[in-house]
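# okay, predicted coordinates and the sequence, questions at the end:
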Amino acid sequence: MKICILFCSNSLEAWQLESYIDKIKDVDFNLISLPCSGKVDIPYMIKAFETGAEGVLVLTCPEGQCHNLEGNLRARKRAQAVDSLVQEIGLGQDHIKVIQLKEDDKNHIVEEIEEFISMNMEKTT
């Protein structure tokens, strides 16, 4: 399975994210660091699917802590729009998930990613 992860570099460093996803086996992750999750746009997410991703995860900063005020809110709306497009073309829904980081607990990232993977694995089997 191939998953593309777009993440806010203000909230998480690539090495931190790699240390979390190292625990997850049998998945090929493509990590893309963004200056703000609000910079993720529809073409980025569509391109991920075009290049073979079976799912896209968008990691945003904690609520109310976006350096660009509402970047995390824009990212969520754009992800919902792409999920609707993916559903319209017949691939089903829930191939995109937004994970909002928690200030005190970044360990929930692994749980959320594993849940996303298992949900998408069920769809492909």
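Now that the structure is in, tell me what you want to look at.
# other SSEs contacting the helix or strand harbouring residue 115?
Assessed by DSSP states H and E, residue 115 sits inside helix 108-124. Contact here means 3 or more CB pairs under 8 Å, 6 or more residues apart in numbering; DSSP states H and E; on that basis helix 108-124 packs against strand 2-8, helix 14-21, strand 55-60, strand 96-100. For the C-beta atoms, the positions are set from N, CA and C on the backbone; glycine is no exception.
# in JSON lines, list these along with distance to residue 74 and mean pLDDT.
Listed next are the helices and strands packed on helix 108-124 as JSON lines, based on distance: least, CB to CB, whole Å; pLDDT from 0 to 100:
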{"stretch": "strand 2-8", "distance to residue 74": "12", "mean pLDDT": "92"}
{"stretch": "helix 14-21", "distance to residue 74": "21", "mean pLDDT": "82"}
{"stretch": "strand 55-60", "distance to residue 74": "9", "mean pLDDT": "92"}
{"stretch": "strand 96-100", "distance to residue 74": "11", "mean pLDDT": "91"}
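# would you format those as a markdown table with distance to residue 112 and mean neighbour count included?
Listed next are the helices and strands packed on helix 108-124 as a markdown table, based on distance: least, CB to CB, whole Å; neighbours: other CB atoms under 10 Å:
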| stretch | distance to residue 112 | mean neighbour count |
| --- | --- | --- |
| strand 2-8 | 11 | 23 |
| helix 14-21 | 10 | 14 |
| strand 55-60 | 8 | 26 |
| strand 96-100 | 5 | 20 |
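# as a markdown table, these with distance to residue 80 would be great.
Below are these laid out as a markdown table (distance: least, CB to CB, whole Å):
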| stretch | distance to residue 80 |
| --- | --- |
| strand 2-8 | 14 |
| helix 14-21 | 23 |
| strand 55-60 | 10 |
| strand 96-100 | 8 |
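# now the helix holding residue 115 and strand 55-60, what's the angle there?
Our comparison of helix 108-124 with strand 55-60, counting by axes from the mean of the first three to the mean of the last three CA atoms, to 10 degrees, yields an angle of 160 degrees.
# great, nothing more from me.
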